[in-house]
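Peer 1: Whatever this is, show me its structure:
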Amino acid sequence: MSSPSISLCMIVKNEEDFIERCLKSVQNAVQEIIIVDTGSTDQTIEICKKYNASIFPYRWNHHFADARNFGLSKASGDWILWLDADEELETGHEEFLMENLKNKNVTMYYLPVINYYGESFPVDPEKAFLYHQPRLFQNHKGIQFYNRIHETPIFPKNRDSSYTVDYLKVPIHHYGYIEELTKKRGKGERNLQLIQEEYKDPNHSPWIEYHLANEYYRRGDYQKAFDYLNESIFRFLLNGVKPPSILYRLKYGILVDTNSFENALEGIDKAIALYPDYVDLHFLKGLIYYQTEKFSEALACFEKCLELGEQNSKYLILKGTGSFRAQQYKAQCLEKLGRQQTK
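Peer 2: Numbers count the residues shown, from 1 in each chain. Predicted coordinates:
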């Protein structure tokens, strides 16, 4: 059986600082590189040419899905892998990747994306969120990207039961949320403008309010973020859809960050009832109890976190909530309880 071919599809503009690192990471994994360039004026194009990329100029229309779909139309591989320039595919998994892609019963694979945060480079490997995203899918299956920003590939509406998804442990490392980089690129401002444009559409998805909340959270405008989050939750419920777990992760994260512990405790049990195996919610509950000096209750939460671990591919998970962070807080709780008992 011949090996399946992979086309890497990317949208770029002035990415000379990162693009080589990205392309180098995939050079032994992909057979074709499709670059949609929206107007680079630096060395981006020259760097892409070094990796035999096919480069297609594209007039930017402030719509990421449109640009992604233009790239798809140029790809000839059996599979599509999509990345951004500030990402890299973890190397050493090439054989494993090819073996899995021979299985044509799977249409789309979710890959673990490790999103680093912090002020500057080099990154701290302990400061990261893990989230699985649909990054690899079969070409020529009618799959298209949707959304002006935070675009995502979606199966065609007229699909049959043969369209399936699975998870593949081939990590992607994402550096785009490091503050040094976001300030340099003005990414936050651009994102906010595009999301606000989408928000004007009366038929927009409730995800748009979540993305607005996220942008305002990153700016430290917690009240505005909280208001948009509640609007998003309400609109999901209005549509008869259980609000996604990530909304509750951000909501109770904001309440903890702003020391609104009483308000947080009132609602977090309801969120946990919806997502009982979500380690981050138990961790946040533990923080609430810890900060209000209810150390026995906090201890139980952190022990639950260690029991759950942090390998659940359904959720956005802060690294350490099911391991070292929970362990540290557990030790602190035991110490506090020991001190209390000797008084």
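Peer 1: Report all helices and strands that the lengthiest helix in the chain contacts.
Peer 2: Criterion DSSP state H: the longest helix present in the chain is helix 324-342. Helix 324-342 sits against helix 279-291, helix 295-308, with contacts defined as 3 or more CB pairs under 8 Å, 6 or more residues apart in numbering; DSSP states H and E. C-beta coordinates here come from the backbone N, C-alpha and C atoms, glycine included.
Peer 1: looking at the ones you listed, which is buried most?
Peer 2: helix 279-291 (a mean of 24; mean count of other CB atoms under 10 Å).
Peer 1: returning to what we had before: mean pLDDT and distance to K183 for the helices and strands packed on helix 324-342 - can I get that in CSV?
Peer 2: Shown next, in CSV, are the helices and strands packed on helix 324-342 (pLDDT from 0 to 100; distance: least, CB to CB, whole Å):
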stretch, mean pLDDT, distance to K183
helix 279-291, 98, 27
helix 295-308, 98, 33
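Peer 1: Low-confidence regions, the stretch 101-250 of the chain specifically.
Peer 2: Low-confidence segments of the stretch 101-250 of the chain, defined by pLDDT under 70, are absent.
Peer 1: ok so, going back, taking helix 279-291 as reference, get the angle to the longest helix of the chain.
Peer 2: 30 degrees (axes from the mean of the first three to the mean of the last three CA atoms, to 10 degrees).
Peer 1: Quick check: buried residues in helix 324-342?
Peer 2: 325-326, 329-330, 333, 336 (16 or more other CB atoms under 10 Å).
Peer 1: Also stretch 84-102?
Peer 2: Buried-residue list, stretch 84-102, by 16+ other CB under 10 Å: 84-89, 93, 97, 100-101.
Peer 1: In helices, which of those fall?
Peer 2: Using DSSP H, those in helices are 97, 100-101.
Peer 1: picking that back up, ok and the longest helix of the chain relative to helix 295-308, angle-wise?
Peer 2: Using the same axes, to 10 degrees: helix 324-342 against helix 295-308 is 150 degrees.
Peer 1: So which residue is smack in the middle of this structure?
Peer 2: Geometric centre of the chain, nearest residue: Y131, 4.8 Å, by CA atoms, centre = their mean.
Peer 1: Against P171, how distant is that one?
Peer 2: Y131 is 11 Å from P171, where distance means CB to CB, to the nearest Å.
Peer 1: Alright, that wraps it up for me.
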